[in-house]
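Asker: Show me the folded form of this:
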Amino acid sequence: MDRRNFLKVVAGATVVAINPSLIGGKLYAADGRLYVAYEKTQLLDAAGKPIKASSLEQEVNYVFNYPYASTPCILVNLPKPTQQDVELTAENGEKYVWKSGVGKNRTIVAYVAICTHQLTHPTPNDSFIMYVPQKTKTMAYDKSGVIVCSSHLSAFDASAGAKVLGGAATQPLSAVVLEHAADDTLWAVGILGLDKFQDYFKAFKPELKQFYNGPAEAKKLVSISAKTVKLTEFSKDLIQY
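Answerer: Residues are numbered from 1 along each chain as shown. Got it, this is the predicted structure:
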């Protein structure tokens, strides 16, 4: 197959051959997927050891930065298998398909933790956005087991590609496409959905300077590995309504 014309996208255990075209710097697949490939990056724990999918605690928020050094993502092992082949719509009207979670039971998901409403995201100081476990109440939605941005009470379906369930958000959170390897390790390989990265970089220049030594360092692409910690270790204060 001619690599100039075709790209293999791995989403979970599915390999899809697509014929992409570049529109506005983003990769649009002919079958309706909106996907940007980044360098394959292994998720490591705080000690630098590869994370095993089977070791992830259920309904715990984990955080890693990907695809840029300053863009936080949430990783969650859900209590039951996710939905499959969920059609989603970006705020520009583009349709795309989120395949499913990964892992033995299809329960592991990851999303860019930058709210699509007003770019609320976890910082070392605090986090207003997180997955809310099933037994924890939230004002944002009538059921828990969802991702909530408590800034304006937007709710996203963690088991269905982070589609919007309620609140002011107008499109799903971008999904991190994960690979679950045969040795039970986890790898981030790309971003699915219309991202908010450039808006984020423009809006939070002082913060990028404070926590990442400025925009240049903040915009560096992550490669090889990404440190992954619990949200309680990443942010001092967790605010959830």
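
Asker: List the buried residues for the longest strand seen in the chain?
Answerer: Identified as the longest strand of the chain according to DSSP state E is strand 35-44. Buried positions in strand 35-44, judged by neighbour count with 16 or more other C-beta atoms under 10 Å: 35, 36, 37, 38, 41, 42, 43, 44. Placement of C-beta: from N, CA and C, glycine included.

Asker: Do you know the pLDDT at the third one?
Answerer: Pointing back at residue 37 there. pLDDT for residue 37: 94.

Asker: was I right about it contacting residue 189?
Answerer: Yes: using C-beta atoms under 8 Å, residue 37 is in contact with residue 189, at 6.7 Å.

Asker: Quick check: what element follows the helix or strand hosting residue 202 along the chain?
Answerer: Element membership for residue 202, per DSSP states H and E: helix 197-203. Downstream of helix 197-203, the next assigned helix or strand under DSSP H and E is helix 205-212.

Asker: List the single closest residue to the spatially most central residue of the chain in space, sequence neighbours excluded.
Answerer: The chain has residue 111 as the residue nearest its centroid, 1.6 Å off, counting by C-alpha atoms, centre = their mean. What sits nearest to residue 111 in space, not counting adjacent residues and going by C-beta to C-beta, 6 or more residues apart in numbering, is residue 173, at 4.3 Å.

Asker: quick one, phi psi at that neighbour?
Answerer: Reported as degrees, to the nearest 10, the phi and psi values for residue 173 are phi -60, psi 150.

Asker: contacting residues for it?
Answerer: 111, 112, 113, 114, 115, 116, 147, 156, 162, 193 (C-beta atoms under 8 Å, 6 or more residues apart in numbering).

Asker: Pull out the buried members of those residues.
Answerer: Neighbour-count burial (16+ other C-beta under 10 Å) is assigned, among the contacts of residue 173, to 111, 112, 113, 114, 115, 116, 147, 156, 162, 193.

Asker: circling back to that earlier point, just give me the closest of the contacts of residue 173 to residue 66.
Answerer: Nearest to residue 66 out of the contacts of residue 173 is residue 112 (C-beta to C-beta; 8.1 Å).

Asker: which residues in this structure form helices?
Answerer: All helices of the chain, identified by DSSP state H, fall at 197-203, 205-212, 215-218, 231-234.

Asker: quick one: buried residues of the last one?
Answerer: By neighbour count, with 16+ other C-beta under 10 Å as the criterion, the buried positions of helix 231-234 are 231, 234.

Asker: now the third one
Answerer: Buried positions in helix 215-218, judged by neighbour count with 16+ other C-beta under 10 Å: residue 218.

Asker: Equivalent analysis for the first one, please.
Answerer: Buried residues in helix 197-203, counted by 16+ other C-beta under 10 Å: 197, 200, 201.
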